[in-house]
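1. Fold the stuff below for me.
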Amino acid sequence: MKLNVFNEVRNNKIRSFFIMSFFIVLIGIIGGALGVFYGSPYFGLFFAIIIGIVYTLVVFNSGDSMILKLSKAKEATKADYPHLFHTIEGLAIAANIPAPKAYVIEDESLNAFATGKDPKKASICVTTGLLKKLNRQELEGVIGHEMSHVKNYDIRVMMLTAVLVGITVLLSNFLIRSFMFNSGGNKDSKGNVGIILLVIGFVLAILTPIFAELIKLAVSRKREYMADASAAVLTRYPPGLASALEKIKDSTPMKNANKATAHLFISSPFKKTKGFVSNLFSTHPPIEERIRRLKAM
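-> Numbers count the residues shown, from 1 in each chain. Below you'll find the model as predicted:
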(Lines give C-alpha, C1' and ligand atoms only; values in the text may rest on other atoms or scores of the structure.)
Protein backbone atom coordinates (compact mmCIF):
# COMPACT_ATOMS: atom_id res chain seq x y z
CA MET A 1 0.00 0.00 0.00
CA LYS A 2 1.33 3.44 -0.94
CA LEU A 3 2.03 5.92 1.83
CA ASN A 4 0.61 9.45 1.83
CA VAL A 5 3.50 11.59 3.09
CA PHE A 6 1.39 14.70 3.58
CA ASN A 7 -1.11 12.82 5.75
CA GLU A 8 1.77 11.59 7.92
CA VAL A 9 3.04 15.17 8.34
CA ARG A 10 -0.43 16.41 9.29
CA ASN A 11 -1.09 13.55 11.72
CA ASN A 12 2.26 14.01 13.45
CA LYS A 13 1.58 17.73 13.92
CA ILE A 14 -1.75 16.87 15.56
CA ARG A 15 -0.10 14.28 17.82
CA SER A 16 2.61 16.76 18.76
CA PHE A 17 0.01 19.35 19.79
CA PHE A 18 -1.76 16.90 22.11
CA ILE A 19 1.52 15.68 23.59
CA MET A 20 2.65 19.24 24.32
CA SER A 21 -0.75 19.98 25.89
CA PHE A 22 -0.49 16.83 28.02
CA PHE A 23 2.92 17.90 29.33
CA ILE A 24 1.68 21.40 30.14
CA VAL A 25 -1.19 19.93 32.21
CA LEU A 26 1.24 17.59 34.01
CA ILE A 27 3.60 20.45 34.84
CA GLY A 28 0.67 22.52 36.11
CA ILE A 29 -0.65 19.74 38.37
CA ILE A 30 2.77 18.95 39.81
CA GLY A 31 3.48 22.66 40.32
CA GLY A 32 0.11 23.13 42.03
CA ALA A 33 0.76 20.12 44.29
CA LEU A 34 4.12 21.58 45.26
CA GLY A 35 2.39 24.85 46.07
CA VAL A 36 -0.24 23.17 48.29
CA PHE A 37 2.52 21.35 50.13
CA TYR A 38 4.39 24.59 50.84
CA GLY A 39 1.34 26.71 51.57
CA SER A 40 0.09 28.18 48.28
CA PRO A 41 -0.89 26.59 44.95
CA TYR A 42 -0.01 29.90 43.28
CA PHE A 43 3.54 29.63 44.58
CA GLY A 44 3.80 26.15 43.07
CA LEU A 45 2.51 27.28 39.68
CA PHE A 46 4.85 30.28 39.73
CA PHE A 47 7.79 28.04 40.66
CA ALA A 48 6.94 25.58 37.85
CA ILE A 49 6.66 28.41 35.31
CA ILE A 50 10.01 29.95 36.32
CA ILE A 51 11.79 26.58 36.18
CA GLY A 52 10.17 25.86 32.82
CA ILE A 53 11.19 29.20 31.30
CA VAL A 54 14.80 29.01 32.51
CA TYR A 55 15.18 25.37 31.47
CA THR A 56 13.67 26.04 28.03
CA LEU A 57 15.85 29.10 27.36
CA VAL A 58 19.04 27.26 28.30
CA VAL A 59 18.24 24.19 26.19
CA PHE A 60 16.96 26.12 23.17
CA ASN A 61 19.96 28.45 23.08
CA SER A 62 22.69 25.88 23.69
CA GLY A 63 21.00 22.48 23.43
CA ASP A 64 22.42 21.63 20.01
CA SER A 65 25.98 22.49 21.11
CA MET A 66 25.54 20.36 24.23
CA ILE A 67 24.29 17.42 22.14
CA LEU A 68 27.21 17.64 19.71
CA LYS A 69 29.75 17.80 22.53
CA LEU A 70 28.07 14.92 24.35
CA SER A 71 28.27 12.87 21.15
CA LYS A 72 31.97 13.76 20.69
CA ALA A 73 31.19 15.17 17.26
CA LYS A 74 33.71 17.34 15.41
CA GLU A 75 32.85 19.87 12.74
CA ALA A 76 33.77 18.48 9.33
CA THR A 77 35.81 20.39 6.77
CA LYS A 78 35.00 20.44 3.07
CA ALA A 79 38.57 19.45 2.26
CA ASP A 80 38.39 16.26 4.34
CA TYR A 81 34.78 15.27 3.53
CA PRO A 82 33.88 16.76 0.11
CA HIS A 83 31.27 14.08 -0.73
CA LEU A 84 29.46 14.66 2.58
CA PHE A 85 29.38 18.42 1.95
CA HIS A 86 28.14 18.04 -1.63
CA THR A 87 25.40 15.64 -0.52
CA ILE A 88 24.21 17.96 2.27
CA GLU A 89 24.33 21.05 0.03
CA GLY A 90 22.51 19.32 -2.84
CA LEU A 91 19.69 17.97 -0.66
CA ALA A 92 19.38 21.30 1.17
CA ILE A 93 18.76 22.98 -2.19
CA ALA A 94 16.19 20.31 -3.05
CA ALA A 95 14.51 20.85 0.34
CA ASN A 96 14.68 24.64 -0.12
CA ILE A 97 16.36 25.25 3.25
CA PRO A 98 19.81 26.56 4.30
CA ALA A 99 22.50 23.87 4.26
CA PRO A 100 23.02 22.51 7.81
CA LYS A 101 26.53 22.36 9.25
CA ALA A 102 28.32 19.04 8.84
CA TYR A 103 29.74 17.08 11.79
CA VAL A 104 31.49 13.73 12.01
CA ILE A 105 31.85 11.22 14.85
CA GLU A 106 34.88 8.92 14.80
CA ASP A 107 33.08 5.60 15.17
CA GLU A 108 32.90 2.43 13.07
CA SER A 109 29.17 2.11 13.78
CA LEU A 110 26.78 3.21 11.04
CA ASN A 111 24.61 6.05 12.31
CA ALA A 112 23.60 9.70 11.89
CA PHE A 113 21.45 12.39 13.50
CA ALA A 114 20.28 15.98 13.06
CA THR A 115 20.01 18.63 15.75
CA GLY A 116 19.23 22.34 16.12
CA LYS A 117 16.25 24.55 16.84
CA ASP A 118 15.23 25.43 13.26
CA PRO A 119 16.44 25.05 9.64
CA LYS A 120 18.53 28.23 9.96
CA LYS A 121 20.50 26.78 12.86
CA ALA A 122 20.82 23.06 12.24
CA SER A 123 23.53 20.45 12.04
CA ILE A 124 23.75 16.99 10.50
CA CYS A 125 26.18 14.55 12.05
CA VAL A 126 27.33 11.20 10.65
CA THR A 127 29.76 8.53 11.81
CA THR A 128 32.95 7.74 9.91
CA GLY A 129 31.68 4.15 9.65
CA LEU A 130 28.63 5.38 7.75
CA LEU A 131 30.77 7.31 5.28
CA LYS A 132 32.96 4.26 4.66
CA LYS A 133 30.25 1.63 4.22
CA LEU A 134 27.47 3.41 2.27
CA ASN A 135 27.44 4.09 -1.46
CA ARG A 136 26.31 7.42 -2.94
CA GLN A 137 22.59 6.58 -3.16
CA GLU A 138 22.52 5.09 0.34
CA LEU A 139 24.27 8.13 1.82
CA GLU A 140 21.79 10.41 0.04
CA GLY A 141 18.98 8.40 1.59
CA VAL A 142 20.38 8.83 5.11
CA ILE A 143 21.16 12.54 4.63
CA GLY A 144 17.69 12.96 3.11
CA HIS A 145 16.21 11.39 6.25
CA GLU A 146 18.10 13.82 8.49
CA MET A 147 17.35 16.75 6.17
CA SER A 148 13.66 15.87 6.50
CA HIS A 149 13.97 16.13 10.28
CA VAL A 150 15.36 19.63 9.76
CA LYS A 151 12.84 20.72 7.11
CA ASN A 152 9.84 19.35 9.02
CA TYR A 153 11.00 21.04 12.26
CA ASP A 154 11.31 17.64 13.92
CA ILE A 155 14.55 18.87 15.49
CA ARG A 156 12.60 21.61 17.29
CA VAL A 157 9.79 19.27 18.35
CA MET A 158 12.22 16.68 19.71
CA MET A 159 14.19 19.34 21.56
CA LEU A 160 10.96 20.80 22.98
CA THR A 161 9.81 17.31 24.02
CA ALA A 162 13.16 16.70 25.71
CA VAL A 163 12.77 20.02 27.54
CA LEU A 164 9.27 19.17 28.76
CA VAL A 165 10.35 15.69 29.85
CA GLY A 166 13.23 17.22 31.77
CA ILE A 167 10.98 19.77 33.50
CA THR A 168 8.39 17.19 34.56
CA VAL A 169 11.05 14.83 35.90
CA LEU A 170 12.77 17.71 37.74
CA LEU A 171 9.53 18.88 39.37
CA SER A 172 8.51 15.29 40.16
CA ASN A 173 11.80 14.59 41.93
CA PHE A 174 11.49 17.85 43.86
CA LEU A 175 7.98 16.93 45.03
CA ILE A 176 9.05 13.44 46.13
CA ARG A 177 12.03 14.85 48.03
CA SER A 178 9.74 17.37 49.70
CA PHE A 179 7.56 14.52 51.01
CA MET A 180 10.59 12.55 52.17
CA PHE A 181 12.32 15.34 54.08
CA ASN A 182 9.35 17.45 55.20
CA SER A 183 6.37 15.16 55.60
CA GLY A 184 4.48 17.68 57.70
CA GLY A 185 4.29 20.52 55.21
CA ASN A 186 1.98 23.47 55.88
CA LYS A 187 -1.02 21.76 57.41
CA ASP A 188 -3.01 24.96 57.91
CA SER A 189 -3.24 25.52 54.19
CA LYS A 190 -4.48 22.03 53.39
CA GLY A 191 -8.22 21.73 53.06
CA ASN A 192 -9.91 18.76 51.44
CA VAL A 193 -9.22 20.11 47.95
CA GLY A 194 -5.61 20.78 48.81
CA ILE A 195 -5.11 17.27 50.19
CA ILE A 196 -6.68 15.73 47.07
CA LEU A 197 -4.45 17.84 44.84
CA LEU A 198 -1.45 16.89 46.94
CA VAL A 199 -2.22 13.16 46.65
CA ILE A 200 -2.76 13.44 42.88
CA GLY A 201 0.43 15.40 42.53
CA PHE A 202 2.40 12.86 44.54
CA VAL A 203 1.05 9.94 42.45
CA LEU A 204 1.88 11.83 39.27
CA ALA A 205 5.34 12.60 40.62
CA ILE A 206 5.98 8.86 40.86
CA LEU A 207 4.45 7.96 37.48
CA THR A 208 5.33 11.04 35.43
CA PRO A 209 9.00 10.18 34.71
CA ILE A 210 7.86 6.84 33.27
CA PHE A 211 4.98 8.33 31.23
CA ALA A 212 7.14 11.23 30.07
CA GLU A 213 9.87 8.92 28.82
CA LEU A 214 7.36 6.71 27.00
CA ILE A 215 5.82 9.75 25.31
CA LYS A 216 9.25 11.04 24.27
CA LEU A 217 10.06 7.66 22.75
CA ALA A 218 6.67 7.51 21.01
CA VAL A 219 7.24 10.93 19.44
CA SER A 220 10.66 9.77 18.25
CA ARG A 221 9.28 6.56 16.72
CA LYS A 222 6.44 8.34 14.89
CA ARG A 223 8.78 10.96 13.49
CA GLU A 224 11.22 8.34 12.23
CA TYR A 225 8.49 6.95 9.99
CA MET A 226 7.64 10.45 8.79
CA ALA A 227 11.29 11.30 8.10
CA ASP A 228 11.72 8.06 6.13
CA ALA A 229 8.72 8.94 3.97
CA SER A 230 9.85 12.56 3.52
CA ALA A 231 13.35 11.40 2.58
CA ALA A 232 11.89 9.16 -0.11
CA VAL A 233 10.12 12.18 -1.61
CA LEU A 234 13.19 14.40 -1.26
CA THR A 235 15.62 11.95 -2.92
CA ARG A 236 12.99 10.47 -5.27
CA TYR A 237 14.60 7.09 -4.64
CA PRO A 238 13.16 5.09 -1.67
CA PRO A 239 15.43 2.04 -2.34
CA GLY A 240 18.48 4.16 -1.41
CA LEU A 241 17.37 4.66 2.19
CA ALA A 242 15.97 1.11 2.38
CA SER A 243 19.36 -0.29 1.36
CA ALA A 244 21.13 1.97 3.86
CA LEU A 245 18.86 0.76 6.67
CA GLU A 246 19.66 -2.84 5.72
CA LYS A 247 23.33 -2.10 6.39
CA ILE A 248 22.62 -0.01 9.49
CA LYS A 249 20.49 -2.86 10.89
CA ASP A 250 23.58 -5.07 11.23
CA SER A 251 25.84 -2.31 12.51
CA THR A 252 27.76 -2.58 15.78
CA PRO A 253 26.72 -0.39 18.77
CA MET A 254 28.33 3.02 19.08
CA LYS A 255 31.20 3.38 21.55
CA ASN A 256 29.92 6.58 23.13
CA ALA A 257 26.19 5.87 23.02
CA ASN A 258 24.19 8.01 25.44
CA LYS A 259 20.57 7.63 26.54
CA ALA A 260 20.07 11.39 26.48
CA THR A 261 20.73 11.58 22.73
CA ALA A 262 19.74 8.07 21.56
CA HIS A 263 16.34 9.21 20.23
CA LEU A 264 18.04 11.62 17.78
CA PHE A 265 19.88 8.97 15.76
CA ILE A 266 18.53 7.34 12.60
CA SER A 267 18.83 3.98 14.39
CA SER A 268 19.34 3.08 18.04
CA PRO A 269 23.04 3.46 18.89
CA PHE A 270 22.78 0.66 21.45
CA LYS A 271 22.94 -3.09 21.04
CA LYS A 272 19.80 -4.32 19.28
CA THR A 273 17.47 -6.35 21.51
CA LYS A 274 14.07 -7.91 20.89
CA GLY A 275 11.00 -8.44 23.04
CA PHE A 276 7.91 -6.55 24.20
CA VAL A 277 9.66 -4.57 26.95
CA SER A 278 12.56 -3.68 24.66
CA ASN A 279 10.17 -2.46 21.96
CA LEU A 280 8.15 -0.47 24.50
CA PHE A 281 11.20 1.49 25.64
CA SER A 282 12.89 1.63 22.23
CA THR A 283 13.68 5.07 20.79
CA HIS A 284 13.04 3.76 17.27
CA PRO A 285 10.43 1.69 15.43
CA PRO A 286 11.48 -1.78 14.21
CA ILE A 287 13.96 -1.22 11.39
CA GLU A 288 12.41 -4.11 9.43
CA GLU A 289 9.07 -2.27 9.40
CA ARG A 290 10.76 0.92 8.20
CA ILE A 291 12.39 -0.98 5.35
CA ARG A 292 9.06 -2.60 4.46
CA ARG A 293 7.31 0.78 4.28
CA LEU A 294 10.03 2.22 2.07
CA LYS A 295 9.82 -0.75 -0.31
CA ALA A 296 6.04 -0.26 -0.47
CA MET A 297 6.40 3.25 -1.90
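2. From now on I want contacts and neighbour counts done on CA atoms only, so please keep to that.
-> Fine.
3. In what element of secondary structure is the residue nearest the centre of the chain found?
-> For the chain, the residue nearest the mean C-alpha position is residue 158 (3.7 Å; Cα atoms, centre = their mean). In the assignment (DSSP states H and E), residue 158 maps to helix 154-181.
4. again with residue 284
-> Of the helices and strands defined by DSSP H and E, none includes residue 284.
5. Check what pLDDT it gets.
-> Listed pLDDT for residue 284 reads 78.
6. Report the spatially nearest residue to it, omitting neighbours in sequence.
-> residue 221 (4.7 Å; Cα to Cα, 6 or more residues apart in numbering).
7. My read is that that neighbour contacts residue 287, right?
-> No. Applying Cα atoms under 8 Å as the test, residue 221 and residue 287 come out as separate, 10.5 Å apart.
8. how close does residue 172 get to residue 210?
-> Noted for residue 172: a distance of 11 Å to residue 210, by Cα to Cα, to the nearest Å.
9. the more surrounded of these two?
-> The neighbour comparison of residue 172 against residue 210 (other Cα atoms under 10 Å) goes to residue 172, with 26 against 14.
10. And that one, how far from residue 293?
-> Counting by Cα to Cα, the separation of residue 172 from residue 293 is 39 Å.
11. Then residue 221?
-> Shown here: residue 221 relative to residue 293, a distance of 14 Å by Cα to Cα.
12. and the end-to-end length of stretch 64-75?
-> Its first and final residues considered, stretch 64-75 spans 13 Å by Cα to Cα.
13. what comes up buried for it?
-> By 16 or more other Cα atoms under 10 Å, the buried positions in stretch 64-75 come out as 64, 65, 67, 68, 71, 73.
14. Next up, the contacts around the third one.
-> Contacts of residue 67 were listed using Cα atoms under 8 Å, 6 or more residues apart in numbering, and they are 115, 261.
15. Hmm, residue 43 and residue 28 touching each other?
-> No. Here residue 28 does not reach residue 43: they are 11.4 Å apart, not a contact under Cα under 8 Å.
16. the more surrounded of these two?
-> Shown here are residue 28 and residue 43; by other Cα under 10 Å, residue 28 has more neighbours (20 against 17).
17. Just confirm the more buried one is within a helix.
-> Yes. The assignment for residue 28, made by DSSP: H, G, I helix; E, B strand; the rest coil, places it in a helix.
18. any idea how far the nearest residue in space to it that is not next to it in sequence lies from residue 17?
-> Leaving aside its sequence neighbours, residue 28 sits nearest to residue 45 (Cα to Cα, 6+ apart; 6.2 Å). Separation of residue 45 from residue 17 (Cα to Cα): 22 Å.
19. One more: residue 207?
-> For residue 207, the distance to residue 17 equals 22 Å [Cα to Cα].
20. Quick check: what element follows whichever strand or helix holds residue 217 along the chain?
-> Element membership for residue 217, per DSSP H and E: helix 192-235. Next in sequence after helix 192-235, counting helices and strands by DSSP H and E, comes helix 238-249.
21. Please name every helix or strand in contact with that following helix.
-> With contacts defined as 3 or more Cα pairs under 8 Å, 6 or more residues apart in numbering; DSSP states H and E, the packing partners of helix 238-249 are helix 136-151, helix 192-235, helix 287-295.
22. so how far is that helix off the chain centroid?
-> Chain-centre distance of helix 238-249: 21 Å, with Cα atoms, centre = their mean, to the nearest Å.
23. repeat for stretch 241-250
-> In terms of Cα atoms, centre = their mean, the centre of stretch 241-250 is set 21 Å apart from its chain centre.
24. Give me the residues contacting it.
-> By Cα under 8 Å, 6+ apart, stretch 241-250 touches 110-111, 134, 137-142, 145, 228, 231-232, 267, 287, 290-291, 294-295.
25. before we move on, the earlier item: and the residue nearest to residue 284, what's its pLDDT?
-> pLDDT recorded at residue 221 is 77.
26. Residue 135 now?
-> Here the pLDDT value assigned to residue 135 is 96.
27. neighbours around it, how many?
-> Residue 135 has 14 neighbours, counted by other Cα under 10 Å.
28. What separation is there between the closest residue to residue 290 other than its chain neighbours and residue 292?
-> In space, and not counting its chain neighbours, residue 290 is closest to residue 225: 6.7 Å by Cα to Cα, 6+ apart. As judged by Cα to Cα, residue 225 and residue 292 stand 11 Å apart.
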